[in-house]
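Asks: Attaching a predicted model along with its sequence, questions to come.
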Amino acid sequence: MIKFLLYGGKTAMNKLTPHYRNLLSYRVGSRFSEGRINEAVNNLLYDLKLVLNCDDHSDNCGLLEMRNGTPSIGVSMSVAVMAIISIIFSFWKV
């Protein structure tokens, strides 16, 4: 799961246009801000898999089901990513 999040997340985000990147960030960030961590992680994994499975000739790749993004996406996405990393490392004992 960690390998997928690190490699797959970067690859998926690079495939997205800025508009769809904002939509993905808003969808996940809104769940984290409401305290629904499990749902946010599930949405993030689902959306990243959706993007990674798109071919280059597909226009929307099923991303139209996402809601519209807001301008304050950077903060929400940063919080979401940090929360996911914290959750992952809380289960990883050194």
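Replies: The structure has been received and is ready for your questions.
Asks: Low-confidence ranges, the protein, go.
Replies: Along the chain, the model assigns pLDDT under 70 to residues 1-17, 48-80, 82-83, 87-94.
Asks: Asn43: what's it in contact with?
Replies: Asn43 makes contact with 27-28, 31, according to Cβ atoms under 8 Å, 6 or more residues apart in numbering. (Glycine included, C-beta is placed from N, CA and C.)
Asks: quick one: which of those is nearest to Leu44?
Replies: Closest approach to Leu44 among the contacts of Asn43 (Cβ to Cβ): Val28, at 4.8 Å.
Asks: Surely that closest one touches Leu44?
Replies: Yes. Using Cβ atoms under 8 Å, Val28 is in contact with Leu44, at 4.8 Å.
Asks: Leaving out chain neighbours, which residue sits closest to Val41?
Replies: Of all residues not flanking Val41 in the chain, Ile84 sits nearest, at 6.2 Å (Cβ to Cβ, 6 or more residues apart in numbering).
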